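>>> I'd like to go over a predicted model; first the sequence, then the structure.
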Amino acid sequence: MAIEVKKLTREFSYNGMTLMDPGPKFTPEQVRDVYAVQYPELTTAAVDGPEHKGDVARFTFVRAAGAKGVHAQI
């Protein structure tokens, strides 16, 4: 019996979009920080996952819920 080694492909998802993996040297949190430049709301997002489907590991960026501004309650 031979053991087959496959490389996992990482995939990142935010708000229904699939975002490219900037490289395996980045942790999922660092990937979030890279995309926070384009999507500022990601600065406080949590990283869910990975969810494995075949040879794909999918991470999802989930925005933090909460009220902001003058109507926020303390």
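Looks like it came in fine.

>>> which stretches of the protein have low pLDDT?
In the predicted model of the chain, residues 66-74 satisfy pLDDT under 70.

>>> Can you give me every residue that contacts the closest residue to Glu41 other than its chain neighbours?
The shortest distance from Glu41 to any non-neighbouring residue, by C-beta to C-beta, 6 or more residues apart in numbering, is to Arg63 (5.5 Å). C-beta here means a position set from N, CA and C on the backbone, and glycine is covered the same way. By C-beta atoms under 8 Å, 6 or more residues apart in numbering, the residues touching Arg63 are Asn15, Glu41, Leu42, Thr44, Ala45.

>>> Are any of those buried, and if so which?
For these, a burial check counting by 16 or more other C-beta atoms under 10 Å picks out Leu42, Ala45.

>>> Helices along this structure, start to end?
Assigned by DSSP state H, the helices in the chain fall at 28-36.

>>> if we can go back for a sec, of the contacts of Arg63, which is the nearest to Asp33?
Proximity of the contacts of Arg63 to Asp33 was ranked by C-beta to C-beta; the top entry is Leu42 with 7.9 Å.

>>> circling back: pull the most distant pair out of the contacts of Arg63.
Maximum pairwise distance among these (C-beta to C-beta): 14.1 Å, between Asn15 and Thr44.

>>> State the distance from the residue nearest to Glu41 to Glu4.
Per C-beta to C-beta, to the nearest Å, Arg63 is found 38 Å from Glu4.

>>> ok, Asp48 to Glu29 distance?
With distances defined as C-beta to C-beta, the gap from Asp48 to Glu29 amounts to 12 Å.

>>> Pretty sure Val62 sits against Ala46.
Yes: with contacts counted by C-beta atoms under 8 Å, Val62 reaches Ala46, the gap being 4.9 Å.

>>> Now Leu42. Nearest residue, chain neighbours left out?
Using C-beta to C-beta, 6+ apart and skipping the chain neighbours, the partner closest in space to Leu42 is Ala36 (4.2 Å).
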